[in-house]
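Asks: Predicted model and sequence follow; I will ask about them next.
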Amino acid sequence: MTVVLPLLLVLSGVALVLGVGAWRPSWAGPVGALCSAAGLGAFLRARAVGFAAVSLEWIPTWNVRLALALDGLSFLYGTLVLGVGLLVLVYACAYLPHYLEERHRPRRDEVRLYAWVLVFMGAMLLLVMARDALLLVIALDLTTVASYFLIGYDRERTGSRSAALMALIVTGGTSVVLLAGVVSLGLACGTFELSELAARAPGGTRLTVALGCLAVGALAKSAQVPLHFWLPRAMAAPTPVSAYLHSAAMVAAGVFVLQRFLPVFALAPAVLQGLAAVGLLSMLVGSLFSLCAWRFKRVLAYSTIAQYGYVLVLVGLGGAGAPLYVLAHGLCKAALFLTVGAVTHATGEESLEKVGGLWRSLPGLAGASAVAAAGLAGLPLTLGFFKDELFFRALVERGGAWSAAGVLGAALTLAYTGRLWTGLFLGAPRGAGGHASWGLVAPVGVLGAGVLLGGVWLGPLNGLADAAEGEMFGHPAPLKLAYHLDARAENLLALGAWVLGAGVLVTRRRWEAPLEALTRAASQVGVERAYGALLAGADALSDGLRRLEVRDLRDRVASVLVPAGLLGAAALVTTPGRGPLFSWGPGVGLADVPLVLGLLIAAGAAVATLRAANHLHLVMLLSCVGFSLAAVFAFAAAPDVAFTAVLVETTFTLLFLALLSRLPRHSQERAQVEATRTRWRDWVFAGVAGVSATATSWNALSHLHEERVVSAHVAWTEAAHARDVVSAIITDFRGLDTVGETSVMVVVLLGIIHLLTGERAE
């Protein structure tokens, strides 16, 4: 219960926020913050009483369990998710009223944001505590859905809607690839239990492909090159959303998945090398774009791409220090996001070109954000110093080229972080200053204090980091964080990075313009343009299919039957190990003559419908087909089905005859003209669908000896107190489906009655 309680408290907050918000919108934010605080308290208490787990049977056929556990890795990520989420909700209580007032929107709109933040928080908590691979994928997809509504919070703006759609398509689409990798891995290992995958992994090409698919989904979630382009666009979201999702939560989910599967990735060195290479590329691309961006949040967005590139390099080099890096980055980046939101709130500006010297009017904000910026740059006495030390330690073990790349990346980090902070708070004032309420400054101060505390209070930090490392590797792996005042390689690399970064920062006036031109040219040929072309092509294809479908009834039927027929034929051809596709069976005896006669009559009537001269003949021939098939069911020992078929055919025949009396006289000639013009196409479509249906049915009847789904239904029919399997399926095994289908038919019938009996508008 201690494991589930934090999750229940957070998710119950969604209902409370919506309920209270409907009555008093201004109370929704505080209620959400209280629920988040309760979840955080329960989470910390669960850790205090010891790591625990809960496991319930969920899908026994696939050996899938609803398994949750609180271990070292989940505790580090869960604390980050709940802690930053709580501060973001407190910040939003002060930020959103002014934000909505500027846009002339009612206060009730803020309720929606608080609710979705709590949904996202619950999904992230489920993700980090999941101990089953399929449950982990489900939680990851829940974060994708929640982030869609959060990024698109300003739904009246086209930019917000397109940004939310881009994030959904990129992260949601690649989640399908990730799911394929997880399913392939689980089937190969015979289990989806995360703790058992590494021991049962088969190795070889199948493992490499499965892990490659898993990596693609994780890289897209963490906005790594080349699937990074959605993150800068996602800055269309309000600042509290960006501070939460794009620093400490959503983008952290991708690298968390990699860390959770790290023992399995260790069996495929080629995949780890690929991750390290992608991380280096993301470091470079994100840093360069961040250095030439001017809008506050875009600077931070590109820096997030670069920083998670660091994490990816650590994972590719073995994983040591990756959880601590995510923790340090999450605290620093969330503080900086909240800082730029407070600056925009106070000044109304969103670009570095229009602000400066704000330390005079916002001294508290300047001091708190300075600590966060120092942490992100990896300066001593901050938590960020140890993230860089671990990074350099991993690079030194790999050689000089890796170390040089690390120094360059750290130098660029100091440069773009210093450029942002000095641009905001130093220099000559530009425009009027402003005022930020305590609700906007206090969360930044708390995060800054956390960054500073992590840099000086090393005992708890070592315990937290070592527990996460031990869970990630499956064995104790202490990091031994400490300050070393000597000439060891890590210290020299850090010193070189600070000097180089300071030089880049001081000389930024010389390279800003050419770098901006370079990045602008690169963006013109980047993956984002390919995404736009793909989306435009999908829209064009959708429009074409729509026009084809609604043109007339023939096209609509063909658009369903032809693809279904082709897919069925492809399945027959590609399904391995089933023996011959078709067999003739034992032959036809005297007892089968009524069945054969009924089928021949139905087939003859169906062919005759093609030559029907008028609608009345057509209705009679169709009825002949239906009643003949009803007779076939009766001779096949299915009297209930036969009786149902007779009732349906009688009803529809009478309905058709009633409608014929209302048709205009000239409709017969119009139908003949259309039939002459489209007959060749109808023959092709009917042939494809008919041959495919025949082949599929023949193949199924050729393998009656094989175990089938219906075998279990037949065995369970008596337990369902039914006399035949069809009745058992309709009324018991799939009773809810029957209720739904019946409800749909009733609604349609009511609509038809209203159309036929209602008064026509003038």
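Replies: In hand now; what should we look at?

Asks: Please count neighbours and contacts with C-alpha atoms only from this point.
Replies: Fine.

Asks: residue ranges with poor pLDDT in the stretch 401-550 of the chain?
Replies: Within the stretch 401-550 of the chain, the stretches with pLDDT under 70 are 431-433, 525, 549-550.

Asks: If we use 90, what do you get?
Replies: By pLDDT under 90, the weakly predicted segments of the stretch 401-550 of the chain are 401-402, 425-437, 457-482, 484-490, 506-536, 538-550.

Asks: which stretches of it form helices?
Replies: Assigned by DSSP state H, counting those that start in this stretch, the stretch 401-550 of the chain shows helices spanning 438-456, 458-473, 489-506, 508-524, 527-551.

Asks: and of those, who's closest to Arg157?
Replies: helix 527-551 (18.7 Å; CA to CA).

Asks: Just the mean pLDDT for the helix or strand that that closest one is followed by, thanks.
Replies: Per DSSP states H and E, the first helix or strand lying C-terminal to helix 527-551 is helix 553-574. The predicted model assigns helix 553-574 a mean pLDDT of 76.

Asks: Just the C-alpha atoms of the helix or strand that helix 553-574 is followed by, please, in CSV.
Replies: Next along the chain after helix 553-574, taking DSSP H and E as the criterion, comes helix 593-608. Provided in CSV are the C-alpha atoms of helix 593-608 (Å, rounded to 0.1, in the frame of the first residue of the first chain):
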residue,chain,number,x,y,z
VAL,A,593,-26.8,-32.2,-50.8
PRO,A,594,-29.2,-29.7,-49.1
LEU,A,595,-26.2,-27.6,-48.0
VAL,A,596,-24.7,-27.6,-51.5
LEU,A,597,-28.1,-26.9,-53.1
GLY,A,598,-28.7,-23.9,-50.7
LEU,A,599,-25.3,-22.5,-51.5
LEU,A,600,-25.8,-22.9,-55.3
ILE,A,601,-29.2,-21.1,-55.1
ALA,A,602,-27.6,-18.3,-53.1
ALA,A,603,-24.7,-18.0,-55.5
GLY,A,604,-27.1,-18.0,-58.5
ALA,A,605,-29.3,-15.3,-57.0
ALA,A,606,-26.2,-13.2,-56.2
VAL,A,607,-25.0,-13.4,-59.9
ALA,A,608,-28.5,-12.6,-61.1
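
Asks: which element follows helix 593-608 toward the C-terminus?
Replies: helix 615-635.

Asks: Give me the number of neighbouring residues for Ser290.
Replies: 31 (other CA atoms under 10 Å).

Asks: Show me what the helix or strand that contains it is packed against.
Replies: Using DSSP H and E, Ser290 sits within helix 269-292. Packed against helix 269-292 by the contact rule (3 or more CA pairs under 8 Å, 6 or more residues apart in numbering; DSSP states H and E) you find helix 205-221, helix 296-316, helix 400-425, helix 508-524.

Asks: Swap in 7 Å and give it another go.
Replies: Helices and strands touching helix 269-292, by 3 or more CA pairs under 7 Å, 6 or more residues apart in numbering; DSSP states H and E, are helix 296-316, helix 400-425, helix 508-524.

Asks: contact partners of it?
Replies: The contact list for helix 269-292 (CA atoms under 7 Å, 6 or more residues apart in numbering) reads 208, 212, 224-225, 265, 299, 302-303, 305-307, 309-310, 312-313, 316-317, 409, 412-413, 416, 512, 515-516, 519.

Asks: now with 6 Å?
Replies: Contacts to helix 269-292, defined as CA atoms under 6 Å, 6 or more residues apart in numbering, come from residues 224-225, 299, 302-303, 305-306, 309, 312-313, 316, 416, 512, 516.

Asks: Pop the domain breakdown of the protein in here.
Replies: 279-321+344-506, 711-762 (automatic domain parsing).

Asks: Lowest-scoring secondary structure element of this protein by mean pLDDT?
Replies: helix 667-701 (a mean of 69; mean pLDDT, DSSP states H and E).

Asks: Check which residues of whichever helix or strand comes after that helix are buried.
Replies: On the C-terminal side of helix 667-701, the closest following helix or strand by DSSP H and E is helix 709-716. Buried residues in helix 709-716, counted by 16 or more other CA atoms under 10 Å: His713, Trp716.

Asks: any idea how far Ala465 lies from Ala342?
Replies: 31 Å (CA to CA, to the nearest Å).

Asks: Can you say which of the domains of the chain is nearest to Gly159?
Replies: Nearest to Gly159, of the domains of the chain and by CA to CA, is domain 279-321+344-506 at 14.5 Å.

Asks: and that closest one, how far apart are its ends?
Replies: 27 Å.

Asks: same deal with stretch 344-357?
Replies: 14 Å.

Asks: One more: stretch 286-302?
Replies: End-to-end for stretch 286-302, by CA to CA: 5 Å.

Asks: what mean pLDDT does it have?
Replies: Stretch 286-302 shows a mean pLDDT of 91.

Asks: what about it, distance to the chain center?
Replies: Stretch 286-302 sits 25 Å away from the centroid of its parent chain (CA atoms, centre = their mean, to the nearest Å).

Asks: same thing with stretch 359-367?
Replies: In terms of CA atoms, centre = their mean, the centre of stretch 359-367 is found 39 Å from the chain centre.

Asks: again with stretch 597-605
Replies: The answer for stretch 597-605 is 51 Å, by CA atoms, centre = their mean.

Asks: No further questions, thank you.
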